[in-house]
Each structure stands twice: as C-alpha cells, then as structure tokens.
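Asker: just need the structure, nothing else, for what follows:
(one chain, ligands or ions: 1)
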Amino acid sequence: MVAIIGATGNTGRIVAGTLLGRGEKVRVVGRDARRLAPLVQKGAEAFVAEATDEAALAKAFAGARAVYLMIPPNLTSPDVRGYQERVSQAEARAVEKSGVEYAVMLSSIGGDKPDKTGPVVGLHVFEEKLNAIPRLNALYIRAGYFIENLLAQVGVIKNFGMVGGPLKPDLALPMIATRDIGAYAAEALLKLDFRGKSARELHGQRDLDYREATAVIGKAIGKPGLSYSQLPAWQLKTALTSMGMSANMADSLLEMSDALNSGYMRALEARSAANTTPTSIEQFVTGTFVPAFAGKAAGA
Ligand SMILES: NC(=O)c1ccc[n+]([C@@H]2O[C@H](COP(=O)([O-])OP(=O)(O)OC[C@H]3O[C@@H](n4cnc5c(N)ncnc54)[C@H](OP(=O)(O)O)[C@@H]3O)[C@@H](O)[C@H]2O)c1
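Answerer: Numbering: from 1, shown residues only. Predicted coordinates for the structure are as follows:
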C-alpha cells in the first residue's frame, strides 16, 4: 500500500490515479473527505489529516510500504518557514514512527541550497530531515519550474494585455508540467528501485524563457504581439498581497525569483533522456492554458 500526501493536488492526484490504474492499494491523504471522494470511487482509501499533525500522519502511513511526501503550499501563511517546518517535522516523524521503507518526496531545483531560495529552503530542510532517518530509502524529486505557474498570467493578460513577472525575459528555465512529475513519482513508487538517499532532477520537455513562453501563449490565444515585461519587486508584492497572499509568502517568492535570476538557484544535472519529460509548452498551452483563458472573464 502507498500513502499519498496532497492527493487532491496537481502532482498527488496523478500519483494516486496512476497507482490505482495499475492495481496498487492506495491511501489518499487530504483535509477534506469530499475532495478525496473521486479517488475513493476509483478504489482508494481516504484518510483526512492536516499535514502538520504528526500523530494523524503516523496512522495514515501505518501499514504503507511507501509514501509520497510533499509540503503543500500555504500562500496565506504569515510565517512560511514556520509552517514548512511544522509540516516537514510531522511528515518525517510519521515516516519514522510508522516504519515506512520508501519515500518519494517532491522537492525542487535549488533543493541543494540551504538558504536564499525562498520556499525551496523548506524543501532543502525536509530532504535533510529524511536523510537523518537511517533505514529509509528516499528519492527527492527536484522538479523544475512548474509550467502551471503560467496560469497566473490568465488574469494579467485579461486585465493588462501583457505577461508580467519577476523573472528575466531571457532566463531559460527547465519548465515542467506537473502531470509529468506525478507520472514519474508514480513509476518510482511502483518500481521501488531506489536505495539509500538520492535526488533526481526533472527538467520538463525543454528549457524555456518567459519570452518564448509568452510567444507560444500569444499565438494560441490570437494575440501574436503579446509581450513579456519583467516587473519590479515592489509592484509584484502589491499585486500578490492584493490577491490574498501573505506579505511573508510574497517576499519568499520574490527571494526565490532573485535566486533564479542570479543563477544561484539552478538545475545541476545536464539535460538527458532521464530528466526530460514529455509534455511540451505547446501541449500545455493548447490543453490547459487556452481553456482557462477562455473560461475567465476580464477582472477575474
Ligand atoms: N510551483 C513550482 O514551480 C514548484 C516547483 C518545484 C517544486 N514545487 C513544490 O511543489 C509542491 C506543491 O505540489 P503540488 O502542486 O502537487 O501541490 P498542490 O496541488 O498545490 O497541493 C497539494 C494538496 O495538498 C493539500 N493540502 C493543502 N494544505 C494542506 C494541509 N495543511 N494539510 C494537508 N493537506 C493539505 C490540498 O488538498 P486538500 O485541499 O484536498 O486538503 C492540495 O490539493 C510544493 O512543496 C512546492 O514548493 C513547486
């Protein structure tokens, strides 16, 4: 049996669906039984728990051979690092208590760095906590920049007629579709062929900068002249907090953007067949971005 944290989310639902489709027993963990119900209909066992609740997670992991771990994002937390610390502590201790043998944990490029990478510092610390569990076999998926981050631009395009963000226009990033991360994690959880502690970067189908991503989006939504602007931190912080994000989370994301722009936070592996995944930006834009753009009114 495999227990899955964040099972209703971008990567977790792919992990759960893939394992169920392959006949694996799955326990899906989330905060709300109603959101877990579609997975229960496919054969999963639901377990309602907060990711900060060590005792509940130890029960959720009891009897599992393997677990899928992550720190679910909390965009409104006034203390992002404190929240991440509570989650990673609870999950790591629950792994230890329950005696789970295998863990696949969703980390990020930059997971090697101890500081100055915003929310990714919490993923680095989580890796370290799992490293300290001697008999655990742990695989850290250091994923690239989620291509789904581009969905935040739907409203920006509607309202301002442009794509905007903190990253340099020509900064090439390994952009990856979350479904490809979920598929990779599911395969690892089926094969269980990793031993000791190891990290694996996933780079997506190709490296992309925001200029190229904007061109693909512009073409697909009938705005061939769409352009990207790198915006100043103060302007982005105002925009992010006005949408409900905590000031602390906005600062954390801007710190991560600085780390990406300077090259401090970057992929360490050379691109290879092993870290390249199938979904292209063209497929993402056609299958996900365009429907989201079509469904969202100006001002939304
Ligand atoms: N964005 C990027 O570019 C990027 C790149 C690399 C790595 N990452 C990392 O990827 C992770 C996010 O992965 P994802 O996109 O698959 O996750 P996600 O879709 O944002 O969320 C996963 C699920 O976690 C559950 N959840 C939220 N808060 C919870 C809590 N307090 N306790 C228990 N469950 C909770 C939610 O389900 P319910 O609402 O049903 O409970 C949610 O569906 C983060 O750790 C992030 O740092 C992100």
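
Asker: surely residue 248 meets residue 76?
Answerer: No. Using CB atoms under 8 Å, residue 248 makes no contact with residue 76, being 9.5 Å away. Placement of C-beta: from N, CA and C, glycine included.

Asker: looking only at neighbour counts, state which of these two leads.
Answerer: Neighbours were tallied for residue 248 and for residue 76 using other CB atoms under 10 Å; the higher tally belongs to residue 248 (17 against 12).

Asker: what's the helix or strand for that one?
Answerer: Residue 248 is part of helix 247-262, with elements assigned from DSSP states H and E.

Asker: mind listing residues that contact the helix or strand following that helix?
Answerer: Using DSSP H and E, the next helix or strand after helix 247-262 towards the C-terminus is helix 281-284. Applying CB atoms under 8 Å, 6 or more residues apart in numbering, the external contacts of helix 281-284 come out as 147-148, 150, 175, 177, 205-206, 208, 212-213, 216, 220.

Asker: phi first, then psi, for the closest residue to residue 207 other than its chain neighbours.
Answerer: Of all residues beyond its chain neighbours, the one nearest residue 207 is residue 172 (4.2 Å), with distances taken as CB to CB, 6 or more residues apart in numbering. Phi and psi for residue 172, reported as degrees, to the nearest 10, are phi -80, psi 120.

Asker: quick one, what contacts residue 172?
Answerer: Residues counted as contacts of residue 172 (CB under 8 Å, 6+ apart) are 207-209.

Asker: most neighbours among these, which one is it?
Answerer: Each of these was scored by neighbours using other CB under 10 Å; the highest score is residue 208's, at 23 neighbours.

Asker: measure that one to residue 26 for me?
Answerer: 33 Å (CB to CB, to the nearest Å).

Asker: so after the host helix or strand of residue 219, what's the next helix or strand?
Answerer: Residue 219 belongs to helix 210-220 when assigned by DSSP H and E. Downstream of helix 210-220, the next assigned helix or strand under DSSP H and E is strand 228-230.

Asker: tell me how far stretch 6-26 lies from the chain's centre.
Answerer: Relative to the mean C-alpha coordinate of its chain, stretch 6-26 is positioned 15 Å out (CA atoms, centre = their mean, to the nearest Å).
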